[in-house]
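# Starting from these lines, generate the structure:
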Amino acid sequence: MVRLRGHHLLCLLTFVGEGYTPAFTGNFRLIAARLSNGEAIEIVEGPDDICVPMLDRPEAHCRNTDIRDRDAWALAAIGERLGIALKAGSILNLDGQRLDALRAAFAAGLIRAACHECEWSGFCTRIARDGFEGTLVQS
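Numbering: from 1, shown residues only. Purely as a prediction, here's the structure:
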């Protein structure tokens with residue numbers, strides 16, 4: 001099972017292989033492959049499987065309280081869109097229908113409150129505008 005924090009549910013929608021460091025990107029690529037193969041997601045609080053390569057870096061934002069706010073906003077928006085309650089401990093199966101619904105909502109700006117002040121927001125907006133071409137999480 002892939003352990004993900006709330007806002008990473010948004011990040012996986014637009015992940016095309018770019019990231020903070022080569023280790024981060026390589027790790028995220030492995031996680032994208034696992035998700036594409038149908039592995040379930042367990043929602044966690046705080047640092048998750050995507051964060052692992054960054055946890056030894058003093059500048060990593062993984063433990064910051066503002067990131068926890070992003071997680072909460074993302075879980076609320078995604079849960080509302082999917083019609084389910086999402087919180088730490090929830091299990092989410094991201095099938096093709098859910099992935100498509102989340103990408104459509106992301107492109108329409110309906111689930112992006114957690115993207116506020118994210119340095120990747122403009123990059124992700126371009127990926128959504130281009131129809132999510134090249135994204136690595138597939139169903």
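
# Helices of this structure, residue ranges please.
Ranges of helices in the chain, per DSSP state H, are 8-14, 22-36, 65-82, 96-107, 121-129.

# Of all the residues in the shortest one, which ones are buried?
For helix 8-14, burial by neighbour count (16 or more other C-beta atoms under 10 Å) applies to 8-14. Yep, even glycine has a C-beta here, placed from its N, CA and C like the rest.

# same check, this time on the third one
Of the residues in helix 65-82, those buried under the neighbour-count criterion (16+ other C-beta under 10 Å) are 67, 70-71, 73-79, 81-82.

# For the chain, which residues score under the pLDDT cut-off?
Within the chain, not a single segment meets pLDDT under 70.

# gap between the residue lying farthest from the centre of it and Cys51?
Farthest-out residue of the chain from its mean C-alpha position, per C-alpha atoms, centre = their mean: Pro58, at 22.1 Å. Distance of Pro58 to Cys51, computed by C-beta to C-beta, to the nearest Å: 14 Å.

# just to revisit the earlier point, quick one, which of the helices of the chain is nearest to Gln138?
Closest to Gln138 of the helices of the chain is helix 22-36 (C-beta to C-beta; 4.7 Å).

# Report the buried residues of the closest one.
So, applying 16+ other C-beta under 10 Å, buried residues of helix 22-36: 24, 27-28, 31-32, 34-36.

# Appreciated, that's everything.
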